[in-house]
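> Give the three-dimensional model of this entry:
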Amino acid sequence: VDMQRSELTARMMFRVAGTIADDEITPSVDLKLLLNSIRGNQEIELDAGKRLNPVEVVFPLGGDSNRYPFDVHRAVIAFMITKPGRAPASAPATNPLQLGDTSALVGPVELERRVPVPISLDLEASIPGVKLAGELLDTSGGAQTEIRLKIRRADNLIVVSVIIMGTMICLAFSLLAMVLYATQKGRDVILLPLSAAVSLIFGLPALRN
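Just a heads-up that it's a prediction; the model follows:
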C-alpha cells in the first residue's frame, strides 16, 4: 500500500480446475483476465497450454494522507475471468460491473462472445503499520468478483505518533518559555537556552520523521 501515491499493489496467483485445466497451473482454453487496474493492462490474456505466472496489479486507493495518523483509505479490487463461448439462451443476462461512478468493467458485447468462469478467491494481506478490513460484495446476477478494502494505520502506530507529536508540542512550548524568560528585563543573558534551541533545529525533524 502506497498511501502517498494512492495506489494498492496486489500480487495475483492463479490455479485452474475442472474442464478448463490441463493441470493445476495450465489452462486448456484461452482465458482472459479483466481488471479495474490503473496501471498496466486492464485485460490480460492467459493462453491455453502455457503456465499461469503470477502478475502484479496496481489498483486505485482513495483517502486523505493529510489526516495522518487518523487517515482512512479505501480500495476496490474488481476482476473477472472469461473463456470463449456463448451463454445459454435461457441463462439470465449478466450485469456489467459498476464501480461507483466509473465505467463498467466489461460491456454486454464482450459477454456475447465469451463466458465468465466461476472463481474461488483467497485473499491474504499483511503490511507492517497498516490495518486492513475487507468485504466481499454480493454480485449476484454477474460473474465479477469485487472486494472493498478499508485501510488505516495500525493502533500501535497511532499511539506512537500521538506521543511523538505531543512531545514535539511540549518541546516547542518549553523553548518558547525559555525565550520569554531570557528576554525579560534585568536578567543576565544565558547562552544555554540558545544552544538548546540550535540543537532542537536539527533534532526535531529527525524526531518527527
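
> Helices along this protein, start to end?
In the chain, the helices defined using DSSP state H lie at 108-113, 155-182, 192-208.

> Among those, which comes closest to Pro84?
When these are compared by Cβ to Cβ, helix 108-113 sits nearest Pro84, at 7.3 Å. Yep, even glycine has a C-beta here, placed from its N, CA and C like the rest.

> can you tell which of the helices of the chain is closest to Leu35?
Nearest to Leu35 among these is helix 108-113; the distance by Cβ to Cβ comes to 13.7 Å.

> Adding mean neighbour count and mean pLDDT, write the helices of the chain out as JSON lines.
What follows is the helices of the chain, written out as JSON lines (neighbours: other Cβ atoms under 10 Å; pLDDT from 0 to 100):
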{"stretch": "helix 108-113", "mean neighbour count": "12", "mean pLDDT": "71"}
{"stretch": "helix 155-182", "mean neighbour count": "12", "mean pLDDT": "87"}
{"stretch": "helix 192-208", "mean neighbour count": "11", "mean pLDDT": "75"}
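
> would CSV of those with distance to Thr9 be doable?
Formatted as CSV, the helices of the chain follow (distance: least, Cβ to Cβ, whole Å):
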stretch, distance to Thr9
helix 108-113, 26
helix 155-182, 20
helix 192-208, 27
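
> Of the ones you listed, which is nearest Ala21?
That would be helix 108-113 among the helices of the chain, by Cβ to Cβ, at 21.8 Å.

> Lowest-scoring secondary structure element of the chain by mean pLDDT?
helix 108-113 (a mean of 71; mean pLDDT, DSSP states H and E).

> quick one on the thing from earlier: how about the helices of the chain, which one is nearest Leu132?
Checking those against Leu132 by Cβ to Cβ gives helix 155-182 as the closest, at 13.0 Å.

> Output the contacting helices and strands for the closest one.
Helix 155-182 is packed against helix 192-208, with contacts defined by 3 or more Cβ pairs under 8 Å, 6 or more residues apart in numbering; DSSP states H and E.

> okay, the angle between the helix it packs on and helix 155-182?
Between the axes of helix 192-208 and helix 155-182, defined by axes from the mean of the first three to the mean of the last three Cα atoms, to 10 degrees, the angle is 160 degrees.

> returning to what we had before: I'd like to know which of the helices of the chain is closest to Pro69.
helix 155-182 (4.1 Å).

> in the protein, which segments are predicted with low confidence?
Across the chain, the ranges flagged by pLDDT under 70 are 87-104, 106-111, 139-142, 189-190, 193.

> and with 80 instead?
Residues of the chain that meet the criterion pLDDT under 80 lie in 86-112, 138-143, 178-179, 182-201, 203-209.
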